[in-house]
Structures are given as structure tokens and as C-alpha cells.
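> sequence and predicted structure are below.
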Amino acid sequence: MTHSLPRLCSIPFFAFAFAFFAFDRIARADEPDAEHASEERYSPLDRHHVAAWDHFEISMGFLAGQRTFTSTPFQMTSGATDGASNLVGPFQTAPYDRVNAFGLRWDARLVVSYVRMTVGYDQPFMALRLGDGEGSYAVGGVVRDVQVRGLRSHDLRFGIGGEYPIGPVAPFVDLVGSVRWIDTTLAIDGVTHDYAATTFGFAARGGVRLHVRKWFFASVSGEVGLTGDERWGAELAVGFSI
């Protein structure tokens, strides 16, 4: 399963690249020939409003941020050590208190009359450090050694917001709600125990989208968690719109 993860993560890259290539071919096919190019080029007025058109967009980006899971209601899903299902102490220290996350984000968005409607998926990877979560804790009345072996998250995001285009640039703000599936693995005296939780949280996001072409854009944004596990986040993305 571990070896298949890079292959699974590569699928959205190839899908995005294929869609991008296909859209580029369609856009080039619609371009006027050289004889009528001067007549068919976008006028200055069109260029000024290039970010203001209603459109559908797909983007792929890199994300970074910080999360805290000290209030996350983890439930044990596998393990045989007595008292392991009642563990609390390990989840109050590193890496659960504040862990940096870096990963990938895919978004699909509809923009109509400056209103933004977003659905997306995040695949963050937690930056665990050697020794995080290692300690001795009372488990079922017996002091045992506990180590964190893994911490993973998969996020489904929904956003509603607005934007105000200024020429090819569109500043925007969103209220984002995230459904987050989290699982973690602890080694208790060397025996692995799996825990999982499902949470929901809100974040406020703001950023700017820059149209390099009518159909191609780059964007940068930052966000701050309002409720839930996220503390802050940032994203750098590229995408295309129709």
C-alpha cells in the first residue's frame, strides 16, 4: 500500500496535464489565422475585463499550513492492548499540538456574477519529526512506551465567496468548510494501534487570481482557521478556465 501511494498521487497530475493540453489545443484551434489576426485580437476593453467573465475553472496547487489535533476525538480502530482505547495523553503533545502540513490541492470552481462556488480536495502530508510523541504513559494501569508512527489526513473542501476583478487581476475572499478524515498510528510497547476521526471546520481564505491568458491563470492565497483543526494555510496554484 505504501508503494502504491506515489502512483495514486500521480494520477491527478496526469489528468490535469491531459486536460490542460486538450484545452490548449481547442484554444489554438479557435485562434484566427494570420490574415484576420489584427481584426480578431482582443481589444483593450476585452483585456481589461478578462478576469470579470463568468467562468468555470480547475486548478492544481501546492499547499502549506499548520494544524492542531489536540481536541480531535480519535477513536481506536485496531489494537489489542487493554486501555489503549482510552488514551488521551499522547494526543496532547507533539505532533498533535502543532504540526506543519505540506501537500497538494485540487479545486473546481464556478464563478457567476462575481460569486465563487468551490469544491476541492486536499492531500496534505504531515511533517513528523523523529521522536515526536515518544514517551511513557499509563495504559490500562500499566506504564508503557508510546511512539507516533504516522499521522494522515484527507480533506474535502467546499467554499462560497466573492471576487472583485480589476483588469486581469481578481482579488477574492472565501468561507471554506472542510470535512477532514484523520487517521494516526501509535506503537504501544512496539505493538501498532490505529486511531481515526472525522471532523469539520471553517476557514477564511483571501487571495488574488492573475490571468496570464484568457483561459490560463495563476493564484496565491492564504487562510486562517476559524473552527476545527486548521490554524493557518497558504496556497500557490495554476489552472485554466472556460
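Perfect, thanks for sending it. Numbering: from 1, shown residues only.
> C-alpha only now, for contacts and for neighbours.
Will do.
> distance from stretch 157-175 to the middle of the chain?
How far stretch 157-175 lies from its chain's middle: 17 Å, per CA atoms, centre = their mean, to the nearest Å.
> ignore the last one, stretch 200-214
Relative to its parent chain, stretch 200-214 has a centroid offset of 12 Å by CA atoms, centre = their mean.
> show me where this structure has helices.
Assigned by DSSP state H, the helices in the chain fall at 5-29, 37-40, 44-48.
> worst mean pLDDT among those helices?
When those are compared by mean pLDDT, helix 37-40 comes last with a mean of 41.
> show me the domain layout of the protein.
The chain is divided into the following domains under automatic domain parsing: 1-41, 44-241.
> centre of the chain to the last one, how far?
Distance of domain 44-241 from its chain centroid, counting by CA atoms, centre = their mean, is 5 Å.
> renumber starting at 23 from here on
Right, with 23 as the first residue, what we last looked at is domain 66-263.
> could you find the closest non-adjacent residue to the spatially most central residue of the chain?
In the chain, the centroid-proximal residue (CA atoms, centre = their mean) is Asp144; its distance is 3.0 Å. Of all residues beyond its chain neighbours, the one nearest Asp144 is Arg127 (4.5 Å), with distances taken as CA to CA, 6 or more residues apart in numbering.
> cool, Pro112 as well?
Taking CA to CA, 6+ apart, and ignoring the residues beside it in sequence, Pro112 has Gly155 as its nearest neighbour in space, at 6.1 Å.
> and the one you found, its phi and psi?
phi 80, psi 0 (degrees, to the nearest 10).
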